[in-house]
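Student: based on what follows, work out the 3D shape:
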Amino acid sequence: MPSIFTTTLAALAVAPLTMGHTWIEQLRNVNDKGEYVGEYGYPRGMVSKTDTGYTGDSMNWLLPVQPKVFIDETSPLCHTSQTKQEQSSDKYPRLQAVAGGFVAMRYMENGHVTMVDPATGLGKPEKGGTVFVYGTTEPKEDEKLVDVLRWTQDGSGGDKRGALLATNDFDDGRCYEVNDTPISQERRVSDPNFAMGQVADGPGNYPLFCETNAKVPDTAPEGKPYTFYWVWQWNTAPNVDPGLPTGKDQYYTTCMDVDVTSADTALTADAESMYALGPQQDAMSIAVSDFASRTAIMTDALQGEVGPVFSGSATATGGAPAASGAPANSSSKAPASAAPTAPALTQITNIPTMTTRPSAAPEPTSGSGEVVTVTDILYVTVTAGASGKPSVTASAPASGTTSVPASSTTPAPASGTVSSVLGGFTVPSGAAKREIQRKNGAKFRGMFAN
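Tutor: The predicted model follows:
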């Protein structure tokens with residue numbers, strides 16, 4: 001039986017709120033009828049959650065790279081495994097797409113739709129933030145995020161190597177993880193989803209990917225790869241969260257290519273997957289209803305940026321907020337010797353996936369010992385005071401908080417082993433553990449076991 005501790009790790013995150021990390025897990029062509037057609041496609045360097053050797057960092061790419069609070073001119077757009085136009089293996093090919101056709105880029109919401117807690121999401125945007133899709137025929141291996149954010153719809157922005165193709169809200173209006181929240185239960189009825197090959201009636205028993213929809217430009221040259229950059233902007237606005245007076249940048253990206261080919265090749269309705277990838281593929285056969293007309297609440301990536309990189313303020317090169325507590329886009333300059341007032345943040349990304357996917361015939365028997373369901377979230381806040389000593393605050397929604405001192409001397413776990421160490425911080429034990437379990441009852445029963 002999988003360790004409940006291992007499964008629960010997926011619910012851990014960095015302050016102020018990160019319930020899970022998100023990246024593109026597959027690409028599908030969408031025909032004029034809104035149907036998924038053709039072969040599956042995948043990002044560069046694809047590693048599935050079901051692959052041997054997968055870790056939480058295999059595909060996750062969070063910017064800025066900690067401990068920076070804001071992105072700057074050096075922030076690398078692509079994951080280290082996605083800088084080159086290379087696929088990881090034959091079973092994860094590029095999508096065969098057609099110029100002028102729509103593509104669905106599919107990803108798990110990981111709680112950012114169904115399990116949002118306003119009390120811990122202060123300053124976060126509506127609808128889970130905005131996904132910006134950029135495209136280019138001239139990708140660079142050392143692509144920088146800020147260079148791409150300057151691209152515009154007409155192709156005249158920044159260095160003019162690419163263009164902004166689409167802006168979508170992160171929440172596509174139908175996606176969900178399978179949990180006990182009202183939104184999940186409602187969507188499982190309105191848009192039921194099942195495992196590949198499964199036939200069933202009633203509410204869906206399988207998580208439904210969110211999707212971003214973008215059109216391959218009509219001018220994309222056939223016979224050549226075309227590059228997509230998927231950029232999810234989920235920043236914290238200044239002057240909302242008392243712990244982050246100047247706000248905080250938070251971007252997740254995926255870099256991918258599609259092979260532009262003929263419609264006969266790309267849009268074959270009866271195409272079958274060359275590889276059966278189990279839980280990585282689901283039974284959903286249609287795109288969201290507004291795939292060809294979607295837009296987002298926020299359509300200007302530069303307007304959504306809360307840091308100083310586009311405003312030219314004093315902190316532009318330091319990547320830390322001004323000591324005065326003024327908004328990040330303020331022109332006021334902080335003394336050179338001043339220390340930032342925002343908490344120091346430590347990134348915890350090397351964690352397993354949040355959701356346990358059912359098998360092709362997912363009807364687990366109660367007490368079988370094969371499936372662990374996490375029905376709530378544990379939030380972890382990492383802060384540092386004047387002494388520079390970090391502390392960890394663990395809390396469950398509406399259940400109070402428990403502060404646990406962090407260990408600065410705990411050794412890193414050996415490769416391939418399950419450890420109680422998270423990014424250098426020790427999981428609560430003794431009285432602290434018992435207090436968390438007492439306050440949260442059955443929701444976290446056994447969460448620190450083995």
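Student: so what does the closest residue to Gly129 other than its chain neighbours have for phi and psi?
Tutor: The shortest distance from Gly129 to any non-neighbouring residue, by C-beta to C-beta, 6 or more residues apart in numbering, is to Trp234 (3.8 Å). No exception for glycine: its C-beta is placed from N, CA and C like everyone else's. Note on Trp234: its backbone torsions stand at phi -130, psi 50 [degrees, to the nearest 10].
Student: ok, now which ones touch Trp234?
Tutor: His112, Lys124, Pro125, Gly128, Gly129, Phe170, Gln250, Tyr251, Tyr252 (C-beta atoms under 8 Å, 6 or more residues apart in numbering).
Student: my guess is the second one contacts Thr236, does it?
Tutor: Same thing as Lys124. Yes - using C-beta atoms under 8 Å, Lys124 is in contact with Thr236, at 6.2 Å.
Student: helices along the stretch 151-300 of the chain, start to end?
Tutor: Counting by DSSP state H, counting those that start in this stretch, one finds helices in the stretch 151-300 of the chain at the ranges 182-190, 263-266.
Student: buried residues, the longest one. List them.
Tutor: Under the neighbour-count criterion of 16 or more other C-beta atoms under 10 Å, helix 182-190 has Ser184, Arg187, Arg188 buried.
Student: okay if I get those residues as JSON lines plus distance to Lys215 and pLDDT?
Tutor: JSON lines is the format used below for the buried residues of helix 182-190 (distance: C-beta to C-beta, whole Å; pLDDT from 0 to 100):
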{"residue": "Ser184", "distance to Lys215": "30", "pLDDT": "96"}
{"residue": "Arg187", "distance to Lys215": "26", "pLDDT": "96"}
{"residue": "Arg188", "distance to Lys215": "30", "pLDDT": "95"}
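Student: from those residues, pick the one nearest Pro64.
Tutor: Among these, Ser184 lies closest to Pro64 (C-beta to C-beta), at 31.3 Å.
Student: wait, that closest one touches Glu177, no?
Tutor: Yes - because the distance of 6.3 Å satisfies C-beta under 8 Å, Ser184 is recorded as touching Glu177.
Student: among the helices of the stretch 151-300 of the chain, which gets the worst mean confidence?
Tutor: Least confidently modelled of the helices of the stretch 151-300 of the chain is helix 263-266, at a mean of 89 by mean pLDDT.
Student: what's downstream of that one, the next helix or strand?
Tutor: Helices and strands here follow DSSP states H and E; after helix 263-266, the next one along the chain is helix 301-304.
Student: other SSEs contacting that following helix?
Tutor: Packed against helix 301-304, as judged by 3 or more C-beta pairs under 8 Å, 6 or more residues apart in numbering; DSSP states H and E, are the following elements: strand 130-136, strand 225-233.
Student: need the phi and psi values for Thr137.
Tutor: Per degrees, to the nearest 10, the backbone of Thr137 is at phi -100, psi 0.
Student: do I have it right that it meets Glu222?
Tutor: No - the pair Thr137 / Glu222 is not scored as a contact, 11.9 Å apart, by C-beta under 8 Å.
Student: residues near Pro93, how many?
Tutor: For Pro93, the neighbour count with other C-beta atoms under 10 Å is 16.
Student: residues in contact with it?
Tutor: Pro93 touches Glu39, Tyr40, Gly41, Tyr42, Gln87, Met274, counting by C-beta under 8 Å, 6+ apart.
Student: same question for Ala296.
Tutor: So Ala296 contacts Lys127, Thr130, Val131, Thr167, Asn168, Asp169 (C-beta under 8 Å, 6+ apart).
Student: shouldn't the first one be within a helix?
Tutor: Yes - the secondary structure assignment for Lys127 places it in a helix, going by DSSP: H, G, I helix; E, B strand; the rest coil.
Student: the helix or strand hosting Leu27 pairs with which strands, parallel or anti?
Tutor: Secondary-structure assignment from DSSP H and E places Leu27 in strand 26-30. Sheet pairing of strand 26-30 (DSSP bridges) gives strand 36-41 (antiparallel), strand 102-107 (antiparallel).
Student: so it versus strand 225-233, what angle?
Tutor: 110 degrees (axes from the mean of the first three to the mean of the last three C-alpha atoms, to 10 degrees).
Student: contacts for strand 26-30, please.
Tutor: 36-38, 40-43, 95-98, 101-106, 209, 213, 256, 258, 266-267, 280-281, 287, 291.
Student: and if we set it to 7 Å?
Tutor: Identification of contacts with strand 26-30 by C-beta atoms under 7 Å, 6 or more residues apart in numbering yields 36-38, 40-42, 95, 97, 101-106, 256, 266-267, 287, 291.
Student: let me know the closest of the contacts of Trp234 to Lys49.
Tutor: Closest to Lys49, out of all of the contacts of Trp234 and judged by C-beta to C-beta, is Tyr252, at 15.7 Å.
Student: now the closest one: how far from Trp234?
Tutor: Applying C-beta to C-beta, to the nearest Å, the value for Tyr252 to Trp234 is 7 Å.
Student: repeat for Phe132
Tutor: Phe132 is 12 Å from Trp234, by C-beta to C-beta.
Student: now do stretch 101-119, average pLDDT.
Tutor: pLDDT averaged over stretch 101-119 gives 91.
Student: what of stretch 241-248?
Tutor: Here the average pLDDT along stretch 241-248 is 93.
Student: straight-line length of it, end to end?
Tutor: 10 Å (C-alpha to C-alpha, to the nearest Å).
Student: return the set of buried residues in it.
Tutor: Here stretch 241-248 shows Asp241, Leu244, Pro245, Thr246, Gly247, Lys248 as buried, counting by 16+ other C-beta under 10 Å.
Student: give me the subset of these that lies in strands.
Tutor: Using DSSP state E, no member of the buried residues of stretch 241-248 falls in strands.
Student: spit out the contact partners of Pro125.
Tutor: Pro125 touches Trp234, Met298, counting by C-beta under 7 Å, 6+ apart.
Student: from Met298, how far off is it?
Tutor: 6 Å.
Student: check Tyr42 too.
Tutor: Distance from Tyr42 to Met298, by C-beta to C-beta: 28 Å.
Student: settle it for me: which of those two has more neighbours?
Tutor: Tyr42 (24 against 18).
Student: surely the more buried one is in contact with Tyr92?
Tutor: Yes - here Tyr42 reaches Tyr92: they are 3.9 Å apart, a contact under C-beta atoms under 7 Å.
Student: against Glu305, how distant is the nearest residue to Phe228 once chain neighbours are set aside?
Tutor: Using C-beta to C-beta, 6+ apart and skipping residues adjacent in sequence, the residue nearest Phe228 is Met256, 5.2 Å away. Distance, Met256 to Glu305, using C-beta to C-beta: 23 Å.
Student: again, but for Glu211
Tutor: Look at Glu211 and Glu305: by C-beta to C-beta, they are 24 Å apart.
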